[in-house]
Structures are given as C-alpha cells and as structure tokens.
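K.L.:
The following comprises the amino acid sequence and a computationally predicted model.
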Amino acid sequence: MAQYVNINHLKFLLREVHGMEEVLSLERYQDYDLDSVDMLLDSVKQFSDQELYPYFVEMDRVGAKYENGTITAHPQIRQVLQKAGANGYICAHFDYADGGSQMPHMASIAANYISSAANNSAIGYIGLTAGAAGLIKAYGTRELFDTYVPKMMSGDWGGTMALTEPQAGSSLSDIVSSASLNDDGSYNIKGQKIFISAGDHQCADNIIHLVLARVDGAPSGTKGISLFVVPKKRITDEGLEANDVQTAGEFEKMGQRGYVTTHLVFGENNDCKGWLVGQENKGLKYMFRMMNGARLEVGLTGSSIASAAYYASLQYAKERPQGRRLDGSGGKNVDSPQTLIINHPDVRRMLMLQKAVVEGSSSLLLLCAKYLDLSHYSDNEEDRNKYNLLLELLTPIAKTYPSEMGQTSISNGMQVLGGAGFTTDFPLEQYYRDNRITAIYEGTTGIQSLDLLGRKMTLGNGAALKLLIEELKTTINSANTYDDLKPYASKFAALISDTEKVLTHLMSFAMQGKFERFLADASIFMEFFSTIVIAWQWLQMATAAKQALVTGQTIRAREFYEAQIHTLKFYFKYEVPKTKGHIETLLDSEVLTIVEEGKEIAAFA
Ligand SMILES: Cc1cc2nc3c(=O)[nH]c(=O)nc-3n(C[C@H](O)[C@H](O)[C@H](O)COP(=O)(O)OP(=O)(O)OC[C@H]3O[C@@H](n4cnc5c(N)ncnc54)[C@H](O)[C@@H]3O)c2cc1C
C-alpha cells in the first residue's frame, strides 16, 4: 500500500517535541502512557489501511447521488461509522461516565490525522458526529444527552452542524431560520440551510442536526441566535418517524465528492420539531465552542491531505527517470543513463517545501491539541487560562496555514509528477481538488485573518500575545544551546521584533478608529505571522532532533533527526525571507483596496 502519512513523525512530535508526558501526567489521563498512545496510533493506522484508504479514489469517482429527495452516499460510510463506533473512536475524548475513554486530545488529534490522510471524505462523517455529540454533552440537558448521544457514539446515528443559510455564510448574524415554542416544550423549526456536510445519507439510521435559529421575538444580530437539536427522524413509542426535514439537493462539488453536502429545508409542512440546547439566545456562543474544535479539524484535513500528496509525489520522484544531472557522472552526456528526478535540485526543492509544510503544520496542530488538553484539565486555574489564551490565539493560524500552504504544497507535488500529476492515473489531482475547500469552510481565510488581527492579537488586552512571545523565547533559549542552531535562533528572534513593529504600525489605525484601514490587509498579516509560527515549529523540531543526536537518545534512525535539521534550514532559506515582502506591504502607506461608498466598481473598469 502506498504511504500516505508518516506515523513516525507524529510519534516524534508527541514524545520528543511537544512533551506529551506533561499531558499524560494529568489526573484525568492516568490510564494512558506514551506506549499506549503509540499502540493506539498503530491500531488507527491499521483501521485506516483497511477501511479508509482502499475507498479513497472510489468515493470520489462514484460521488454522492441525489434522487427523489434522498441522497445515496458510498456504502462504505456505514461500515466506517459502525466500526469507528465499535472501536470507540467516536467521542473517544468523552469522560468514562459518558461512555468515552478519556483519550487525550493530543492522541485523538494524531489519530484523526492518520485517518484523514487515508480518506478525508470518509473521516468527515465521524468528525461531525463527534462534534455534534460534544455540543449536546457540553450544553444540553442529561435527557437530550441520553436520547441522542449514545446512538451517535455507536455510529448508528450521524450528526451535523447546520449554520449556513443562503444569505448568511460568513455573516451568521443574518440567520433567519425560526423557532416557535410549542406547548410540550419543543420548538417548531422553519428555515433553509445550505452546504450542510453529511446532512443526509442512507448510511446512518438517523441524522441529528445541530441547528442555529431565532426564537420568535429574539433580538436581531448574533445576540438572538439559539441552538437546537433537530433530528431527521424523531423518536416515538413506535420507533422513528419523519420530522419534516426535507433534502432539497446535493451540491455537485469539485472535491471531497464522497462527503455529501446538502441543501436542507426544515418545517416545510410545519411539522419539524427541535429541542433547545442550553439557554435561548446563547446559540452562537455554544456553536463557537464547537467551531474552534472544528477549525483545528479543518487545519488537520489540510495538513493530512498535503501529507498524502507529499508521499505520493516523493514515491514518484524516487522512480521516475528523466534527464541528466548537470554536473558529475551524468554531465550532459546523452549516452549516460537518465537520472531519477529526485536528483534534480528543483524537484528536491519542491519535495522539501512539501515536507516543510506538512510536518510544520502537523507540529502546530499537535501543539494546539496539547494546549486544548491543558486548557481543560490542568489542575490550576492560572494554567487553564494561560493555555486557553494560547489556543485561542493560534486557532485561526492552525486552520489557515495548513489550508492555504497545504494547497501550495499539493500544487508543488503535482508539479513533481509533471504531466502525470494532471491525470486521474495518479492521486495528486484528487488531493488538489479535495483540499481546496479547507480555505473556505469553517470560516474563510479572509474571516480567519480578521479574527487573528482584529481579535486574537489583542486578546486579554494583549495577554495572549505576551504569553506566546514567552513561549517563542523559551524555544530560542533551547535552540541557542546548540552552536549550529544559533544562527536560526537569532534569525527567529528578529522575526519577533518584526512582528512588534508591524503591529505597532497597524494598531495605530485601530486607535484612530480607522478599522477598515487596520484590517484591510489582515490576510497578508496572516501569511506573515503564520510563516513565523511555522518557523517556530521548525525551531522546536530541529532542537529536539539535535538534542537526540547529541545525547545519543535516538529512538529513531539518525537520518530522521538529521532530516529534521535539514528541513529547518530549508524553511529558513526559502520560506522565512517571504516575511520581508509581507512587512513591506504591511508598512506601505499606499491604500489601494479601500473604497469610498458609491465608487466600488471604478477600480475594475
Ligand atoms: C463543501 C462545503 C461544505 C460545507 N459544510 C458546512 C456545514 O457542514 N455546515 C455549515 O453550516 N456550513 C457549511 N459550509 C458553508 C461554509 O462554511 C461557507 O460556505 C463559508 O463560511 C463561506 O460562506 P459563503 O459561502 O456564504 O461565502 P461569503 O460569506 O459570501 O464569502 C464570499 C467571500 O467574501 C469574503 N467575505 C465575506 N464577508 C467578509 C467580511 N466581512 N470581510 C472580508 N471578507 C469577507 C469571504 O472571505 C469570501 O472570500 C460548507 C460549504 C461548502 C462549500
């Protein structure tokens, strides 16, 4: 079977880079140790090899079919949901008391990475079911939990997150779906939701939608949005009956074609019942809790697809002879045998970029997973607050960098294959199509960038950024222990000063009340700052590798550690200098994208 993930690198990140022991020492995780986590990852890899990877191409080719109000997904989805349920993979992080196995987020996110690299469409059904169940557990009553969650955890029922409406995508304050209180305490739900992933299919016996809607008379804007559990089929004494949730269509998509995306109509016949989760008008706040987790999952999707693409192009480059090396034994002599393309510097550059993006982004995701664990379960409040702030600050980057740079990395992978990369004989074109959505759903790159610059950089009156800078300085100090890492540590320290300079400049607009000017280039700021955050990951990975080599405590081959240090150097030579261009743009006083009202179109004449 072709390689799609490097499980060895994930284990390196958990054990040697991000110190998973700290998480495993928490009271909650006393039943886990590093070896049991390694074993878990091995068993998830086996599951992915058997149940996910073999169906990856077929799910794309067959796609989902909409006919007579129902959608047919690939039948393997039922098998995946059932087996994931039986193995306890759905909601594995839940408490023992709730049927979970209290699995650390670090472990479950690493496990999801493996499955997603194997088949990013199939894994979406599990992720959404777990997310929807998590929302019911966090904010719903015990009765709601008992009614829905066990069947979701067993894989019998699926779950969704139904936010988007035709007029309310990025701007959820414009949601108009309505909810009217019934005498029995339920609500009558009415409205349309579009683009709902896993919204309808035959592979689960019921689908539990977590729907945002407005209770009659609720305030306008985000303060009037409530959250409801709306099952496709409601439960009666006789069994399940239809709940007036109609499937109006399935969107034909360029990628993730095995992952259905539906248009749903709730309450067309005035007979759709929903049950309030938590309190009225707090729905968006609850949903955001799920969305933060979902944003990490989308980042994970981007990074893991890029991982599968990287290994596919690496394999090709090791086998494809073409041309001759310019120097050395081949020279320009056409009578000498062709060299493998992996020997050409330009091909090596593309492969190294892929490696740098894939491993750099997976490192950031597992660090966020660590912060997630510590923010929930550290035994003192100060630490919980600290890690929560760090997580909040890094989440938009953990969503955006793997999506955007994952796409660039896959594009480079396709280039490695030359013409073959553009054909359906190889999986690169599918990875390219599948990944493209990750920069769009769960908040577009534009929206994540507004969040990063507009909210997160000043979060807690700047406390989050201050904490992050402390973490960056700790890494610099560790790297400075090794002479050959010192130049990179010092380049990295200069990036912190650059960030401060850029922020001082941009914040001055916010202080003058010029918010459009402040945020106009938020996406460029995202590119700039995420390049720095990934440089930080590389400095951490190289320092851990160097430490292993120097101390001789090498759990993996020496080559593996040396390749980590080599990739750090690559990242600092080829990626970090791009921040100079970002700075030039961010500090430039010329304003070209802000327009006076009434003159919107003129620039495009
Ligand atoms: C395959 C797929 C699956 C999906 N799954 C789900 C799901 O399961 N549940 C769900 O609820 N939704 C889902 N979505 C919806 C998805 O989250 C939205 O498409 C996304 O949030 C963008 O909204 P939109 O499409 O309305 O685009 P718009 O909001 O119209 O955005 C269009 C462009 O304008 C930019 N823009 C918008 N507002 C601003 C602003 N204020 N400032 C700067 N730029 C702005 C955006 O960045 C974007 O570039 C899915 C979508 C797709 C395509």
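P.N.:
Thanks, I have it. Residues are numbered from 1 along each chain as shown.
K.L.:
State whether Tyr316 is indeed within a helix.
P.N.:
Yes - under DSSP: H, G, I helix; E, B strand; the rest coil, Tyr316 falls within a helix.
K.L.:
How many neighbouring residues does the nearest residue in space to it that is not next to it in sequence have?
P.N.:
Computed as CB to CB, 6 or more residues apart in numbering, the closest residue to Tyr316 that is not its neighbour in sequence is Leu417, at 5.2 Å. No exception for glycine: its C-beta is placed from N, CA and C like everyone else's. Residues lying near Leu417 (other CB atoms under 10 Å) number 23.
K.L.:
And for Leu367?
P.N.:
Residue neighbour count, defined by other CB under 10 Å, stands at 23 for Leu367.
K.L.:
Backbone dihedrals for it, both of them.
P.N.:
Dihedral pair for Leu367: phi -70, psi -40, per degrees, to the nearest 10.
K.L.:
which residues does it contact?
P.N.:
For Leu367, the set of contacting residues under the criterion of CB atoms under 8 Å, 6 or more residues apart in numbering consists of 18, 394, 537.
K.L.:
Kindly recompute the last result at 10 Å.
P.N.:
Going by CB atoms under 10 Å, 6 or more residues apart in numbering, Leu367 touches 13, 17-18, 106, 390-391, 394, 398, 471, 533, 536-537, 540.
K.L.:
and of the residues you listed, the nearest to the ligand?
P.N.:
Ala398 (17.0 Å; CB to the nearest ligand atom).
K.L.:
tell me which element that closest one falls in.
P.N.:
Using DSSP states H and E, Ala398 sits within helix 381-416.
K.L.:
Just the element for Leu472, please.
P.N.:
Mapping Leu472 onto the secondary structure by DSSP H and E places it in helix 463-479.
K.L.:
cool, and Lys11?
P.N.:
Taking DSSP H and E as the definition, one finds Lys11 inside helix 7-12.
K.L.:
which residues sit against the helix or strand just after that helix?
P.N.:
Of the helices and strands lying after helix 7-12 in sequence (DSSP H and E), the nearest is helix 20-24. Surrounding helix 20-24, the residues in contact under the criterion CB under 10 Å, 6+ apart are 11, 13-15, 29-34, 36-37, 104-107, 110, 366, 369-374, 377-378.
K.L.:
does Gln256 count as helix, strand or coil?
P.N.:
Recorded secondary structure, Gln256: coil (three-state DSSP).
K.L.:
Now do the phi/psi pair for it.
P.N.:
Note on Gln256: its backbone torsions stand at phi 40, psi 50 [degrees, to the nearest 10].
K.L.:
Model confidence score at it, please.
P.N.:
Listed pLDDT for Gln256 reads 98.
K.L.:
How about Ala312, nearest residue that isn't a chain neighbour?
P.N.:
The shortest distance from Ala312 to any residue other than its chain neighbours is 5.4 Å, reached at Pro427 (CB to CB, 6+ apart).
K.L.:
mind listing what that neighbour touches?
P.N.:
For Pro427, counting by CB under 10 Å, 6+ apart, the contacting residues are 2, 4, 56-57, 60, 308-309, 312-313, 413, 417, 421, 434.
K.L.:
I'd like those as a markdown table, with distance to Leu587, secondary structure and pLDDT appended.
P.N.:
Putting those into a markdown table (distance: CB to CB, whole Å; DSSP: H, G, I helix; E, B strand; the rest coil; pLDDT from 0 to 100) gives the following:
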| residue | distance to Leu587 | secondary structure | pLDDT |
| --- | --- | --- | --- |
| Ala2 | 46 | coil | 96 |
| Tyr4 | 42 | coil | 98 |
| Phe56 | 45 | helix | 98 |
| Val57 | 47 | helix | 98 |
| Asp60 | 44 | helix | 97 |
| Ala308 | 38 | helix | 98 |
| Ala309 | 35 | helix | 98 |
| Ala312 | 40 | helix | 98 |
| Ser313 | 37 | helix | 98 |
| Gly413 | 34 | helix | 98 |
| Leu417 | 39 | coil | 98 |
| Gly421 | 38 | helix | 98 |
| Asp434 | 37 | helix | 98 |
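K.L.:
Show me how to select, in ChimeraX, the buried members of those.
P.N.:
Selecting just the buried residues from these in ChimeraX takes one command, with 16 or more other CB atoms under 10 Å as the test:
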select :4,56,60,308,309,312,313,413,417,421,434
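K.L.:
Kindly indicate which of the contacts of Pro427 lies nearest the ligand.
P.N.:
Proximity of these to the ligand (CB to the nearest ligand atom) peaks at Asp434, which lies at 10.4 Å.
K.L.:
which stretches of the stretch 1-150 of the chain have low pLDDT?
P.N.:
Within the stretch 1-150 of the chain, not a single segment meets pLDDT under 70.
K.L.:
repeat for the stretch 501-605 of the chain
P.N.:
Looking along the stretch 501-605 of the chain with the criterion set at pLDDT under 70, you get no residues whatsoever.
K.L.:
Try it again at 90.
P.N.:
Within the stretch 501-605 of the chain, the ranges that satisfy pLDDT under 90 run 596-603.
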